[in-house]
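*Asks:* Below is the sequence, then the predicted model.
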Amino acid sequence: MLIGLYISVLALASEGGGSLIDVNPGVVFWTFVTFIVLLIVLKKFAWKPILTALDQRETAIRESLEKAERAKEEAQKILDQNQASLAKVEEESKQIINQSRIYADKLKDQIIQDGRDQTRKMLDEASAEIDRKKDASFNELKNQIAEIAVNAAEKILRENLDKELQKKIINKYIGEITKN
Amino acid sequence: MFATEVSKTIAIADTVKKVSESNSDPSWIMHHVLDGNSVSFEPFGTLYLPHLQLFGIDISITKHIFFIWVIAVVLIILSLAAARGYKKSLIPKGLSNFLEIIIVFVRDEIVKPAIGKGFEPYLPYMLTLFFFILLSNLFGLIPYAATVTGNIAVTASLAIISFIVTQYSGMKTYGVLKYIKNLVPSGMPVLIIPVMAVIELIGLFTKPFALCVRLFANMVAGHIVIFSLLGLIFIMHTYVVAPVSVGFALFIELLELLVALIQAYVFTMLTALFIGMAKHMEH
């Protein structure tokens, strides 16, 4: 339908003067001139600066993205390093604590053992001393008793008195013993 | 189907003829589409353009040339303003930002894929072409302005420039002789070579011819349809048809807006493709 209309209008136009498909050389000439001037002007003053700016911006964006990527990688590396050294330090400190705990335990045992040993030694010494003193005092007592008995027998023999007197004398010496 | 088409066509032709007989001025539709020596701003007045001659050729300034210049000036102002936006900062605002979308579209969606490696030298030409055609097409939708891309001389000139650029790109890549030799695919039987040479030679010229006619026909057709729809009001001598006519005309006008974009895209895309084909001959 459109084509039909178009054809009829074209036919009509050619009757009425100019035609749609008349190529006017003047228009061709001016179109060429205008387009080429437009191309030169726009290329120099518009497209070149705009395209350069676009390129610059794209380069800047790419570079900053790459830089960011690199920085991220570096940060990751440092983080990894830090974590590794932290782990190492932790391991070390654990080791130190363990060692010191073992050492402390050993020291404690030793001190307790030492104390116990010393106590036993002191006790042993003390009991030995007590035994020695006991023996000594017992011996002395034995000697004294023997001496008193001898003295008493000597006096009984020397005086040779009656039974009552003997009793009296013995009581007297016994009384002396207690006094002593 | 075909019969009804024909009958419709005859009916329309009859109507147009009847109207042309009854009307004192038979070219009332064509007046809007055709070139002329005056720019009409009725009712504010008419600008009569000067007649010029150069080496015996009539190079008078016509309505379409006047509007080509208007478009050129508008385009220069717009793009210079856009370029200035980049001087302040690499991330511009407003107009520069808007034009940047189109520039990046032409660069990344049309020129880069179609031409391939080494597309940069063709970018300014492609951008100028795209913006010029787009602005010309859109100018046709403004009241009082003319559709310069609806003039076959203008589209022919653009197609010839595209042809020259295409041949230049091929000859620059391969050298003149090798380029011409490359037109005929190698490995052909000797007897077929002359036939192929003729076909390829015709093919060289049909490409720009198709470019020229496609743009011209697309732009002129929409305008003729709009004027014809509005003309129905005057043909039928009644206001009853006015809402229908205006409604349809508005629809076609919006369609034209789409066509303006599509045709600018198609012309640039095909030119880029031809350049790409000339630059990267497979045979």
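*Replies:* Cool, got the structure.

*Asks:* Which stretches in the stretch 101-250 of chain B count as helices?
*Replies:* Using DSSP state H, counting those that start in this stretch, the helices of the stretch 101-250 of chain B run over B:112-115, B:123-139, B:152-174, B:176-182, B:193-236, B:242-279.

*Asks:* And the last one, what's buried?
*Replies:* Judged by neighbour count using 16 or more other CB atoms under 10 Å in any protein chain shown, the buried positions of helix B:242-279 are B:245, B:248-249, B:252-253, B:256, B:259-260, B:263-279. Any C-beta I mention is one placed from the backbone N, CA and C, and that applies to glycine too.

*Asks:* Turn the helices of the stretch 101-250 of chain B into TSV, columns for mean pLDDT and distance to chain A.
*Replies:* Shown next, in TSV, are the helices of the stretch 101-250 of chain B (pLDDT from 0 to 100; distance: least, CB to the nearest CB, whole Å):
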stretch	mean pLDDT	distance to chain A
helix B:112-115	86	12
helix B:123-139	90	4
helix B:152-174	88	4
helix B:176-182	78	23
helix B:193-236	85	6
helix B:242-279	88	11
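
*Asks:* Of those, flag the one that's most buried.
*Replies:* By mean neighbour count, with neighbours taken as mean count of other CB atoms under 10 Å in any protein chain shown, helix B:123-139 ranks first of the helices of the stretch 101-250 of chain B at a mean of 23.

*Asks:* For that one, C-alpha coordinates in CSV please.
*Replies:* Provided in CSV are the C-alpha atoms of helix B:123-139 (Å, rounded to 0.1, in the frame of the first residue of the first chain):
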residue,chain,number,x,y,z
LEU,B,123,36.7,6.5,14.3
PRO,B,124,36.5,10.2,13.6
TYR,B,125,34.9,9.6,10.2
MET,B,126,32.4,7.1,11.7
LEU,B,127,31.5,9.4,14.6
THR,B,128,30.9,12.3,12.2
LEU,B,129,28.9,10.1,9.9
PHE,B,130,26.7,8.8,12.7
PHE,B,131,26.1,12.1,14.4
PHE,B,132,25.5,13.9,11.1
ILE,B,133,22.9,11.3,9.9
LEU,B,134,21.3,11.1,13.3
LEU,B,135,21.0,14.8,13.6
SER,B,136,19.7,15.1,10.0
ASN,B,137,17.1,12.5,10.6
LEU,B,138,16.0,14.1,13.9
PHE,B,139,15.9,17.5,12.3
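
*Asks:* and the angle from it to helix B:152-174?
*Replies:* Relative orientation of helix B:123-139 versus helix B:152-174 (axes from the mean of the first three to the mean of the last three CA atoms, to 10 degrees): 160 degrees.

*Asks:* Okay, angle between helix B:123-139 and helix B:242-279 too, please.
*Replies:* Going by the same axes, to 10 degrees, helix B:123-139 is angled at 170 degrees with respect to helix B:242-279.

*Asks:* which residues in chain A form helices?
*Replies:* Per DSSP state H, chain A carries helices over the ranges A:2-15, A:25-42, A:48-159, A:163-179.

*Asks:* For stretch B:128-138, give me every contacting residue.
*Replies:* With CB atoms under 8 Å, 6 or more residues apart in numbering or on different chains as the test, stretch B:128-138 has contacts from A:35, A:38-39, A:42-43, A:47, B:67-68, B:71-72, B:74-75, B:79, B:102, B:106, B:110, B:147-149, B:154, B:158, B:161-162, B:215, B:219, B:256-257, B:259-261, B:263-265, B:267-268, B:271.

*Asks:* Go again with 6 Å.
*Replies:* A:38-39, A:42, B:71, B:75, B:106, B:148-149, B:260, B:264, B:267-268 (CB atoms under 6 Å, 6 or more residues apart in numbering or on different chains).

*Asks:* nearest to A:Glu125, of those?
*Replies:* B:Val106 (112.8 Å; CB to CB).

*Asks:* so what's that closest one closest to, chain neighbours aside?
*Replies:* B:Phe130 (5.1 Å; CB to CB, 6 or more residues apart in numbering or on different chains).

*Asks:* hang on, the earlier thing: any chance of TSV for the contacts of stretch B:128-138, columns distance to A:Gln99?
*Replies:* Shown next, in TSV, are the contacts of stretch B:128-138 (distance: CB to CB, whole Å):
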residue	distance to A:Gln99
A:Leu38	87
A:Leu39	85
A:Leu42	82
B:Ile71	90
B:Leu75	85
B:Val106	75
B:Val148	95
B:Thr149	92
B:Ala260	87
B:Ala264	83
B:Phe267	86
B:Thr268	81
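
*Asks:* for those, which one is nearest B:Ile202?
*Replies:* B:Ile202 lies nearest to B:Phe267 out of the contacts of stretch B:128-138, by CB to CB, at 20.9 Å.

*Asks:* show me the contacts for that closest one.
*Replies:* B:133, B:211, B:215.

*Asks:* same thing but 7 Å
*Replies:* Residues in contact with B:Phe267 (CB atoms under 7 Å, 6 or more residues apart in numbering or on different chains) are B:129, B:133, B:211, B:215.

*Asks:* Let me know how buried residue 118 is, in neighbour terms.
*Replies:* In the absence of a named chain, this looks at chain A. 10 (other CB atoms under 10 Å in any protein chain shown).

*Asks:* I was after chain B.
*Replies:* 13.

*Asks:* what's the distance between it and A:Ile40?
*Replies:* Remark: distance between B:Gly118 and A:Ile40 (CB to CB, to the nearest Å) = 21 Å.

*Asks:* Same check on A:Ile177?
*Replies:* 156 Å.

*Asks:* circling back to that earlier point, including distance to A:Glu154, could the helices of the stretch 101-250 of chain B go into JSON lines?
*Replies:* Listed next are the helices of the stretch 101-250 of chain B as JSON lines, based on distance: least, CB to CB, whole Å:
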{"stretch": "helix B:112-115", "distance to A:Glu154": "150"}
{"stretch": "helix B:123-139", "distance to A:Glu154": "155"}
{"stretch": "helix B:152-174", "distance to A:Glu154": "161"}
{"stretch": "helix B:176-182", "distance to A:Glu154": "166"}
{"stretch": "helix B:193-236", "distance to A:Glu154": "170"}
{"stretch": "helix B:242-279", "distance to A:Glu154": "158"}
